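# build me a model:
(one chain, ligands or ions: 2)
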Amino acid sequence: MVTIKSKKEIEYMKEACKVVAKMYQEIEKKIKPGMTTWEIDQIAEKIMKDLGAIPAEKGYNPGIKGIPPYPASTCISINDEVIHGVPSKNKIIKDGDIVSIDTVALKNGYNGDAARTFMIGNVAKDAKRLVEVTKQAFFEGIKYAKPGYRIGDISNAIGEYVKSQGYSVVREFQGHGIGKAMHEDPGIPNYGKAGRGIRLEPGMTLAIEPMVIQGKPNILELDDGWTIITEDGSLSAHYENTILITEKEPEILTIL
Ligand code: MF3
Ligand code: CO
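Numbers count the residues shown, from 1 in each chain. Ligands and ions are numbered 1, 2, ... in the order given. Prediction:
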């Protein structure tokens, strides 16, 4: 069911989203070569807690048989890791890496969800272009995030833009509605036909999240039950914001 948020609920959503935005501002300043992804997770968790939020990914149970509850407060995916990289004391960030962090903060019962891909030190030109295209794909998508358009218009804009840049979108994972639950209807694929899907209405809150691969779209899941990597070993980037559909332009809630 797609939920339309009331004025009060929108205020709560904004608060949760602001926590995520502030957290990324801090992480951007702190993330350095030599740090482990576990250290970054600890820092992100503390920032969210200090801002009165609960890191919603910790203990998140997808309800799939054999998949353990998620063990950390962030997903941190390096280079060929696409999403859901599990923070670890053994994973050290190096100069030249691209590091995607995806985090959800829960505050007053509402969730805010965003992802960023950070470029560490001297990043190769092609990796930089991948990160920029992934971010731009989000902005191409939200050109259609307003009444008069449908979910498929957003999906199509993202998918066509990424394809036009010579990259692939991930097909097995998608954006989503968000509110009291981290994942609500509708699902928002990063590809598809324009003019399809539900109509957008003011009061909808959506997490739009292009996941882009430099090479072929195929992915693999590691034995930890979480980490998703590219099959061909090429790089992948992720960019996500929670947005609010209004009468006019969408509001991006996870950017300050
Ligand atoms: N934040 C992710 C999303 O964009 C979900 C992460 S799964 C979790 O939907 F287990 F880490 F929570
Ligand atoms: Co999301």
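
# other residues contacting the helix or strand that contains residue 138?
Residue 138 is part of helix 125-142, with elements assigned from DSSP states H and E. By CB atoms under 8 Å, 6 or more residues apart in numbering, the surrounding residues in contact with helix 125-142 are 96, 98, 117, 119, 123, 154-155, 157-158, 161-162, 165, 167, 169, 190, 208-212, 214, 235-241, 243, 250, 252. For the C-beta atoms, the positions are set from N, CA and C on the backbone; glycine is no exception.

# alpha carbons of the next helix or strand after it, in CSV - could you do that?
Using DSSP H and E, the helix or strand that follows helix 125-142 in sequence is helix 151-164. Extracted C-alpha coordinates of helix 151-164, given in CSV (Å, rounded to 0.1, in the frame of the first residue of the first chain):
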residue,chain,number,x,y,z
ILE,A,151,6.8,5.9,-11.2
GLY,A,152,7.8,4.4,-14.6
ASP,A,153,8.7,7.9,-15.8
ILE,A,154,11.3,8.2,-13.0
SER,A,155,12.6,4.6,-13.7
ASN,A,156,12.8,5.2,-17.4
ALA,A,157,14.7,8.5,-17.0
ILE,A,158,17.3,6.9,-14.7
GLY,A,159,17.8,3.8,-16.9
GLU,A,160,18.0,5.7,-20.2
TYR,A,161,20.5,8.2,-18.8
VAL,A,162,22.7,5.5,-17.4
LYS,A,163,22.6,3.6,-20.7
SER,A,164,23.4,6.7,-22.6
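
# chain center to helix 151-164: distance?
In this view, helix 151-164 has its centroid 16 Å away from the chain centroid, taken as CA atoms, centre = their mean, to the nearest Å.

# ok, stretch 30-39 next?
20 Å.

# how about stretch 228-245?
7 Å.

# i'd like the first residue to be 25 from this point on
Understood, numbering begins at 25; the last thing we discussed is stretch 252-269.

# okay, buried residues for that stretch please.
Applying a neighbour-count criterion of 16 or more other CB atoms under 10 Å, one finds 252-254, 258-269 buried in stretch 252-269.

# re the thing from before, contacts with ligand 2 among the contacts of helix 149-166, please.
Filtering those for proximity to ligand 2 (criterion: CB under 5 Å from the ion) leaves residue 233.

# just the contacts of helix 149-166: which are in helices?
178-179, 181-182, 185-186 (DSSP state H).

# now those as a markdown table including pLDDT, distance to ligand 1 and neighbour count?
As requested, the ones in helices among the contacts of helix 149-166 are arranged in a markdown table below (pLDDT from 0 to 100; distance: CB to the nearest ligand atom, whole Å; neighbours: other CB atoms under 10 Å):
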| residue | pLDDT | distance to ligand 1 | neighbour count |
| --- | --- | --- | --- |
| 178 | 99 | 15 | 30 |
| 179 | 99 | 16 | 26 |
| 181 | 99 | 19 | 23 |
| 182 | 99 | 15 | 31 |
| 185 | 99 | 20 | 22 |
| 186 | 99 | 17 | 26 |
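
# which one of the buried residues of stretch 252-269 is nearest residue 25?
Nearest to residue 25 among the buried residues of stretch 252-269 is residue 269, at 16.0 Å by CB to CB.

# if anything else comes up later, I'll come back, but that's it for now.
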